[in-house]
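Asks: coordinates only, no sequence provided:
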Ligand code: DGY
C-alpha cells in the first residue's frame, strides 16, 4: 500500500476498484474531457504511477514531470501516444492492453465495411427523411462482398481476426505484413503478397498496423493511385497511417469507391471536406467500445499499474529494455 496513482480520465469502475484496493491514493479526472498539457504536467507530479489514455500525449515533458513514477499504464493497445524511448531512458515502464479488444475491433471493422459497401447510413437517412415511397429497382446499389478479394494490411491479432471472419463470405484473402501468417494460410489459403499487389488486387482493404515512424502515411498518393476504382478502404488502426488529405482527394475524384474510418490523422479534427463526402462512413474511434471489452481493458490496465507499483513486471510490458536500464 501507500501507492499514489493518477488516472487521467474516468475508466470503467471495475478497473478503478482494483486500483482503490491496492493503492492509498487514487485520483481520477472525473471531468469528461482530455486534460490540457498544463493540467497533465501538474497532475503527474509526485505519483507512483499513472493510468493514461490514447488521447494523452505522454511526451518528454510529461515523463520528466512524472519523474520518480514507476511508469504509465496505457488504457489501449496502441502506444503511439507515448514517447516510449524517453520513458525507457528514464527507467519508466510502459504497458498496454493487447488481446482483449481483438474481437470487438474486428467486429467493428466488418460493420464499417458493410456500411460503406451497402450504403447503410445513407439508406437509413433516406427512410428517416420520409423519402421511402416505393421499392427501388435501381436505387442504393452497393457492392457484393461475398466472393470478393479482401486485402489485410497488418496480419497481427486484429488483422487475423478480421481475415478469419471473411471465411463465411468465401473471399479470396491477401495479406501484407513483415512476416508470414501460418494461421491465415492454413485456414483461408490466404496469400502473402507485397503491398502493391494487395492494393492492386483487393476489393476491400483493411488496415491493422500500429502507427510508427515507418508506417506514418503508408497509404498516400502512390498507394491510392494503384487501388481499384471500385475499392473500399477501411481503417480501424490509427489515422495517420493514411495521408488523410490525399485520401479525401481520391474519394472526391472517385479514384476509389469509398472509405470507412474509425480513426483520423489529427483526431478529433477531420481533414476539410471529409464530412461532406457521401462515399465515407465516419465513426468516433469506437473499435473497442463494447461494455465487455472496455471492462477487460480497465482490469488489465489497472492490474498492469498495480504490478508496476509492487515492483513486479506487468504482463503487458511494452518496453522490456527498461528492466536493464533499472538494473544499472
Ligand atoms: C487501442 O486500444 O489502441 C484502440 O485504438 C482503442 O481501444
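Replies: Yep, it's here. On a predicted model such as this, the values are computed, not experimentally measured, just so you know.
Asks: how about the nearest residue to residue 307, chain neighbours excluded?
Replies: Residue nearest to residue 307 in three dimensions, not counting chain neighbours: residue 314, with 4.1 Å by CB to CB, 6 or more residues apart in numbering. In short, each C-beta sits where N, CA and C put it, glycine included.
Asks: residues touching the one you found, list them.
Replies: By CB atoms under 8 Å, 6 or more residues apart in numbering, the contact list for residue 314 reads 73, 93, 95, 303-305, 307-308.
Asks: now with 6 Å, please.
Replies: Each residue near residue 314 by CB atoms under 6 Å, 6 or more residues apart in numbering is listed here: 95, 304, 307-308.
Asks: mind checking pLDDT for it?
Replies: Here, the pLDDT recorded for residue 314 equals 98.
Asks: same check on the one 3 residues further on?
Replies: The model reports residue 317 with a pLDDT of 98.
Asks: do the one 3 residues further on as well
Replies: We note a pLDDT of 98 for residue 320 in this prediction.
Asks: cool, residue 325 as well?
Replies: 87.
Asks: now it, nearest residue through space, not along the chain?
Replies: Closest residue in space to residue 325, ignoring its immediate chain neighbours: residue 91 at 5.0 Å, by CB to CB, 6+ apart.
Asks: SS state for the one you found?
Replies: Following DSSP: H, G, I helix; E, B strand; the rest coil, the label given to residue 91 is coil.
Asks: now it: how far from the ligand?
Replies: As judged by CB to the nearest ligand atom, to the nearest Å, residue 91 and the ligand stand 24 Å apart.
Asks: how near is that residue to residue 156?
Replies: 28 Å (CB to CB, to the nearest Å).
Asks: try residue 230
Replies: In terms of CB to CB, residue 230 sits 27 Å off from residue 156.
Asks: which of those two has more neighbours?
Replies: Neighbours were counted for residue 230 and for residue 156 using other CB atoms under 10 Å; residue 156 has more, 19 against 13.
Asks: what sits against the nearest residue to residue 300 once chain neighbours are set aside?
Replies: Nearest non-adjacent residue to residue 300, counting by CB to CB, 6+ apart: residue 97, 4.5 Å away. Taking CB under 6 Å, 6+ apart, we find residue 97 in contact with 77, 297, 300-301.
Asks: show me what contacts residue 22?
Replies: Going by CB under 6 Å, 6+ apart, residue 22 touches residue 306.
Asks: number the chain from 853, please
Replies: Done: numbering now begins at 853, and the last item shifts to residue 874.
Asks: and the stretch 1053-1180 of the chain, which of its residues are near the ligand?
Replies: By the rule CB under 6 Å from any ligand atom, the part of the stretch 1053-1180 of the chain lying against the ligand is 1139-1140.
Asks: rerun at 5 Å
Replies: By CB under 5 Å from any ligand atom, the part of the stretch 1053-1180 of the chain that sits against the ligand consists of residue 1140.
Asks: can you show me the strands along the stretch 1053-1180 of the chain?
Replies: 1056-1059, 1084-1087, 1110-1113, 1132-1134 (DSSP state E, counting those that start in this stretch).
Asks: now do the third one: which elements does it pack against?
Replies: By that I understand strand 1110-1113. With contacts taken as 3 or more CB pairs under 6 Å, 6 or more residues apart in numbering; DSSP states H and E, strand 1110-1113 sits against helix 954-969, strand 1084-1087, strand 1132-1134.
Asks: before we move on, what about the second one?
Replies: Counting by 3+ CB pairs under 6 Å, 6+ apart, the packing neighbours recorded for strand 1084-1087 are helix 954-969, strand 1056-1059, strand 1110-1113.
Asks: which elements pack onto the first one?
Replies: Helices and strands touching helix 954-969, as assessed by 3+ CB pairs under 6 Å, 6+ apart, comprise helix 1009-1016, strand 1084-1087, strand 1110-1113, strand 1132-1134.
Asks: export those to JSON lines and append columns for mean pLDDT.
Replies: JSON lines is the format used below for the helices and strands packed on helix 954-969 (pLDDT from 0 to 100):
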{"stretch": "helix 1009-1016", "mean pLDDT": "98"}
{"stretch": "strand 1084-1087", "mean pLDDT": "99"}
{"stretch": "strand 1110-1113", "mean pLDDT": "98"}
{"stretch": "strand 1132-1134", "mean pLDDT": "98"}
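Asks: please identify the most buried of the ones you listed.
Replies: Scoring the helices and strands packed on helix 954-969 by mean neighbour count under mean count of other CB atoms under 10 Å gives strand 1084-1087 as the most buried, with a mean of 28.
Asks: quick one: residues in contact with that one.
Replies: Identification of contacts with strand 1084-1087 by CB under 6 Å, 6+ apart yields 961, 964-965, 968-969, 1056-1059, 1094, 1109-1113, 1115.
Asks: please redo it, this time with the cut-off set to 8 Å
Replies: Residues outside strand 1084-1087 that contact it (CB under 8 Å, 6+ apart): 961, 964-965, 968-969, 995, 1055-1059, 1071, 1079, 1093-1094, 1099, 1108-1115.
Asks: cool, and stretch 1148-1157?
Replies: Outside stretch 1148-1157, the residues that touch it by CB under 8 Å, 6+ apart are 857, 863-868, 870-871, 901-903, 923, 925-928, 947-949, 952-953, 1140, 1166-1169.
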